[in-house]
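# here is a sequence together with a model predicted from it:
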Amino acid sequence: MAETVRSTFLNLPPAKQEKVLEAALAEFADKGYEQASVNVMVSASGIAKGSLYQYFKDKKHTLVRVKEDTAGEDFFTRLERSLMAGVEFIRQHPRIYRLYLKILFDQRVPQREVLLKAVRRFAADYLGSLVRQGMARGEIRADLPGDTLVFLLDALLDRFLQALCVPAFDVTLNLDQVGEEEVRRRVQELVAILRAGLAADSGETIAG
């Protein structure tokens, strides 16, 4: 996702960013991805059409290149890097992540189910690829049901990022009140718990 937004957009004043994102959300939510009109977004956001194409690389989102960058790492390291990449993205681009949260929690958003299903499918495909590779390498227990494992991982990662941004969702870790090192430590704890139960050589002690 980080590559979908150009630096020119991120350099805009916050109010301008908000206006562009709201216009994009309204258009995509109302008409869906394929039928969304750039002209409508331009009119609603009050910016030049050429500038809009500078702000966004194209209509399609791409995942942070964690999978490619960690191809030689084990499954659990890749999972940790994936979650930390999500944390970093939210820290750098909170308004863009809020776009997702709006779709997630605002039931009035048109075509909400279609949009959410597309996000979840993308996450499932990404995590499914990591799981299949991890099993093929003998890093994950072979007796585990792959689809259920992907569901568990998707739920865990998504819930952790939500807790990072919505304090009401977090009554135990207090992620909104701690620094980056503590957030990283919590991520490592979660991955250690997963490793203890999922790894082919399970039995590792989880540090408190």
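Received the coordinates, thanks.
# centroid-nearest residue for the chain?
Residue closest to the mean C-alpha point of the chain, counted by Cα atoms, centre = their mean, is G86 at 5.3 Å.
# which helix or strand contains that one?
Assigned by DSSP states H and E, G86 falls within helix 75-92.
# so for the next helix-or-strand element following that helix, mean pLDDT?
Counting by DSSP H and E, the next helix or strand C-terminal to helix 75-92 is helix 94-105. For helix 94-105, mean pLDDT is 79.
# also stretch 72-82?
On average, stretch 72-82 scores 94.
# go on, stretch 44-51?
pLDDT averaged over stretch 44-51 gives 67.
# domain map for the protein?
Here the domain parsing of the chain from automatic domain parsing is 1-59, 63-208.
# sorry, back to before: so which bits of the helix holding G86 are buried?
Within helix 75-92, the residues that count as buried by 16 or more other Cβ atoms under 10 Å are 75-76, 78-87, 89-90. For glycine as for every other residue, the C-beta is placed from the backbone atoms N, C-alpha and C.
# and stretch 149-160, average pLDDT?
Stretch 149-160 comes out at a mean pLDDT of 96.
# who's in contact with it?
79, 82-83, 86, 120, 123-124, 127-128, 131, 140, 169, 187, 190, 194, 198 (Cβ atoms under 8 Å, 6 or more residues apart in numbering).
# among those, the buried ones, what's the PyMOL command?
Restricted to buried positions by 16+ other Cβ under 10 Å, the PyMOL selection for those reads:
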select buried, resi 79+82+83+86+123+124+127+128+131+140+187+190+194+198
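# which one among the contacts of stretch 149-160 gets closest to L21?
For these, the residue nearest L21 by Cβ to Cβ is G86; the value is 18.4 Å.
# give me the distance between the closest residue in space to the closest one that isn't next to it in sequence and K19.
The shortest distance from G86 to any non-neighbouring residue, by Cβ to Cβ, 6 or more residues apart in numbering, is to L161 (5.1 Å). Distance of L161 to K19, given as Cβ to Cβ, to the nearest Å: 25 Å.
# mind saving the C-alpha coords of stretch 183-200 as PDB?
Coordinates of the C-alpha atoms in stretch 183-200 are reproduced here as PDB (Å, rounded to 0.1, in the frame of the first residue of the first chain):
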ATOM      1  CA  VAL A 183       5.400  -1.800  20.200                       C
ATOM      2  CA  ARG A 184       8.100  -3.800  18.500                       C
ATOM      3  CA  ARG A 185       8.500  -5.900  21.700                       C
ATOM      4  CA  ARG A 186       4.800  -6.700  21.700                       C
ATOM      5  CA  VAL A 187       5.000  -7.700  18.000                       C
ATOM      6  CA  GLN A 188       7.800 -10.000  18.900                       C
ATOM      7  CA  GLU A 189       5.800 -11.500  21.700                       C
ATOM      8  CA  LEU A 190       2.900 -12.200  19.400                       C
ATOM      9  CA  VAL A 191       5.200 -13.900  16.900                       C
ATOM     10  CA  ALA A 192       6.900 -15.900  19.600                       C
ATOM     11  CA  ILE A 193       3.500 -17.200  20.800                       C
ATOM     12  CA  LEU A 194       2.700 -18.200  17.200                       C
ATOM     13  CA  ARG A 195       6.100 -19.800  16.800                       C
ATOM     14  CA  ALA A 196       5.600 -21.900  20.000                       C
ATOM     15  CA  GLY A 197       2.400 -23.400  18.600                       C
ATOM     16  CA  LEU A 198       2.900 -23.400  14.800                       C
ATOM     17  CA  ALA A 199       6.600 -24.100  14.200                       C
ATOM     18  CA  ALA A 200       7.600 -27.600  13.000                       C
END
